[in-house]
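Q: Just need the structure, nothing else, for what follows:
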Amino acid sequence: MFEGGCALAVVPFVAWAACRILGLERGWPVVQLMAWTPYAAVAGVLVSGAVLLCRRWIAGAVGAVAALALVAVVVPRVLPDGGPLPDGPALRVLSANLFAGRGDEGAVLALARRLRVDVLAVQELSETDAAALDAAGIARDLPHRAWYPMDGAGGSAIFSRFPLREVSLRTDGFPQAHAVADVPGAPPVELESVHPNAPVERGSMPLWHHDLAHQPKATPAGVVRILVGDFNSTLDHVTLRRLIGTGYRDAAEVAGTGLRSTWPADGRLMPGVTLDRVLADRRVGVRAARPYRIPGTDHRAFYADLVLPAPTSAAIASTT
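A: The predicted model follows:
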């Protein structure tokens, strides 16, 4: 009976590893559980180690293989990429989910100023948020904007130090502000403030899948594209990994800070997970990436210090 209990103890980690490695998560609540894969990896190591200490060799070995598979997909997030940076200018970007009017707009702007941010992408931008940001003088630092405030969680915006064109609100799913920034010394940069529907309940799952699957794909041989925002998904969700596979890199993973959680901001109700991120075209370099606490909102803001390719290198890439 004890041996059977040891075998049962490792079954959840074997199933978890199979779902994660093979991308088999489907529906509620498996998709939600996948977000906590880093914690499952640690628990799997501890449980399989305990089973081996009890000399239940087969069960312990199976559990250890599953746990090590989970560890293998998590560890790269804390190992800096260390690759060479391109020759173009810096682009400092910040994402902030303002929690439909409850986030501290002044704190967001103060952080943007302290970090000398060039682009601020905002999600859940309410009319109150928009008025507060204007009153705080956001136009002095980030005078160009693609902003669409609205009540509820649908508001979206991009504020930029550099001129914006092709400004629009993409509504194929949850609203997302879109624009093209003209950065001196770099090719045009297409930006989007990302905010797919959250998988908060069983009925929202189709919307979540749709919104993630319809995010703008990378175009490594064309326009330089950067997605900034609250992705409501982690690197352990296969749909997000497929999006990254089109030619993006996750800034936090490149910087080795991919296990710093962004939600929930206070981490008191449950262990934190990383939902907010920057996905940058693989031609874009990453110098730093990390979250910051903002009072009032349930998400941490996320900052990335990027380096854009020079126009000539981007042109060469687009012709190869």
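
Q: Would you agree residue 44 is in contact with residue 11?
A: No. Residue 44 lies out of contact with residue 11 (C-beta atoms under 8 Å); the separation is 11.1 Å. Backbone N, C-alpha and C define where each C-beta goes, glycine included.

Q: who's more crowded, those two?
A: residue 44 (26 against 13; other C-beta atoms under 10 Å).

Q: Just give the number of residues close to the residue lying closest to residue 286 once chain neighbours are set aside.
A: Excluding the flanking residues, the one nearest residue 286 by C-beta to C-beta, 6 or more residues apart in numbering is residue 254, at 4.2 Å. The number of residues packed near residue 254 is 27, by other C-beta under 10 Å.

Q: again, but for residue 241
A: Neighbours around residue 241, by other C-beta under 10 Å: 15.

Q: List the residues that contact it.
A: Each residue near residue 241 by C-beta atoms under 8 Å, 6 or more residues apart in numbering is listed here: 23, 235.

Q: Distance check, it against residue 272.
A: 20 Å (C-beta to C-beta, to the nearest Å).

Q: need the longest helix for the chain.
A: In the chain, taking DSSP state H as the definition, the longest helix is helix 2-22.

Q: Now the helix or strand that that one is followed by: buried residues?
A: Counting by DSSP states H and E, the next helix or strand C-terminal to helix 2-22 is helix 30-34. Within helix 30-34, the residues that qualify as buried are 31-34, counting by 16 or more other C-beta atoms under 10 Å.

Q: residue boundaries of the strands in the stretch 51-200 of the chain?
A: Under the criterion DSSP state E, counting those that start in this stretch, strands of the stretch 51-200 of the chain are mapped to 90-97, 119-123, 144-148, 156-160, 164-170, 176-181, 189-194.

Q: Using CSV, please lay out these together with mean pLDDT.
A: Formatted as CSV, these follow (pLDDT from 0 to 100):
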stretch, mean pLDDT
strand 90-97, 98
strand 119-123, 98
strand 144-148, 97
strand 156-160, 98
strand 164-170, 97
strand 176-181, 98
strand 189-194, 98
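
Q: ranking these by burial, who's on top?
A: Comparing those by mean neighbour count (mean count of other C-beta atoms under 10 Å), strand 119-123 comes out on top with a mean of 31.

Q: Compute the inter-axis angle for it and strand 189-194.
A: With axes from the mean of the first three to the mean of the last three C-alpha atoms, to 10 degrees defining the directions, strand 119-123 sits at 30 degrees from strand 189-194.

Q: Helices of the chain, residue ranges please.
A: Going by DSSP H, the chain shows helices at 2-22, 30-34, 37-53, 57-74, 105-114, 127-135, 138-141, 205-213, 238-244, 251-255, 311-319.

Q: So for the second one, mean pLDDT?
A: If I follow you right, that is helix 30-34. In this model, helix 30-34 has an average pLDDT of 95.

Q: and the helices of the chain as CSV, adding distance to residue 97?
A: Below are the helices of the chain laid out as CSV (distance: least, C-beta to C-beta, whole Å):
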stretch, distance to residue 97
helix 2-22, 26
helix 30-34, 18
helix 37-53, 21
helix 57-74, 24
helix 105-114, 10
helix 127-135, 11
helix 138-141, 17
helix 205-213, 15
helix 238-244, 17
helix 251-255, 16
helix 311-319, 30
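
Q: Of those, which stretch is the most buried?
A: By mean count of other C-beta under 10 Å, those have helix 251-255 as the most buried, with a mean of 25.

Q: Show me what the residue lying closest to residue 164 once chain neighbours are set aside bridges to in the sheet.
A: Of all residues not flanking residue 164 in the chain, residue 179 sits nearest, at 4.1 Å (C-beta to C-beta, 6+ apart). Taking DSSP bridges, one obtains residue 191 as the residues bridged to residue 179.

Q: who touches residue 179 in this structure?
A: Counting by C-beta under 8 Å, 6+ apart, residue 179 makes contact with 146, 158, 160, 164-168, 190-191.
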